[in-house]
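>>> Structure for this input, please:
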Amino acid sequence: VQLVESGGGSVQAGGSLRLSCVASGFAVSGYVMRWYRRAPGKERELVIGFNTAGITTNIADSVKGRFTISRDKTKNTVYLQMDSLKPEDTAVYYCNARQIIGGNDYWGQGTQVTVSS
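Modelled structure (predicted):
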């Protein structure tokens, strides 16, 4: 079982990035999928997530209108599209998969996003 994030990098304010989270060993469609982030010196923050139906159920106020989550069942991959990036979006972004029944909870290793002004 594994979650592997990719797509992070450095971008100027106003730019866009798309993060990918590829799952192996389980089907993302059966899990609540969320993206979290941890900025330097701050606690981990829930950014956005959706339920097994693919409906967004969680979104931080700070990213509303700028970030969207999606999935491709054929690729067993979840995406985080980040637009209009701001310096305060700088953080390590983590993908999380949580099984409603069964209690399995998986994390990726994280991918760094750096937004410069």
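>>> C-alpha only now, for contacts and for neighbours.
Will do.
>>> Around the closest residue to residue 115 other than its chain neighbours, how many other residues sit close by?
Distances taken as C-alpha to C-alpha, 6 or more residues apart in numbering put residue 87 closest to residue 115, at 4.6 Å, once the chain neighbours are dropped. Using other C-alpha atoms under 10 Å, residue 87 has 15 other residues around it.
>>> got the phi/psi numbers for residue 87?
phi -60, psi -30 (degrees, to the nearest 10).
>>> quick one, what contacts it?
By C-alpha atoms under 8 Å, 6 or more residues apart in numbering, the contact set of residue 87 is 13, 114, 115, 116, 117.
>>> isn't the second one right up against residue 13?
No. Between residue 114 and residue 13 no contact is recorded; they are 9.4 Å apart, counting by C-alpha atoms under 8 Å.
>>> quick one: which of the two has more around it?
More neighbours surround residue 114 than the other of residue 114 and residue 13, with 20 against 17 (other C-alpha under 10 Å).
>>> Checking that one next. Helix, strand or coil?
State at residue 114, reduced to three classes by DSSP: H, G, I helix; E, B strand; the rest coil: strand.
>>> Give me the pLDDT for it.
On pLDDT, residue 114 comes in at 98.
>>> distance of it from residue 79?
Distance from residue 114 to residue 79, counting by C-alpha to C-alpha, to the nearest Å: 18 Å.
>>> and the spatially most central residue of the chain, what helix or strand is that in?
Among the residues of the chain, the one closest to the centroid is residue 35, at 2.9 Å (C-alpha atoms, centre = their mean). If you go by DSSP states H and E, residue 35 is part of strand 32-38.
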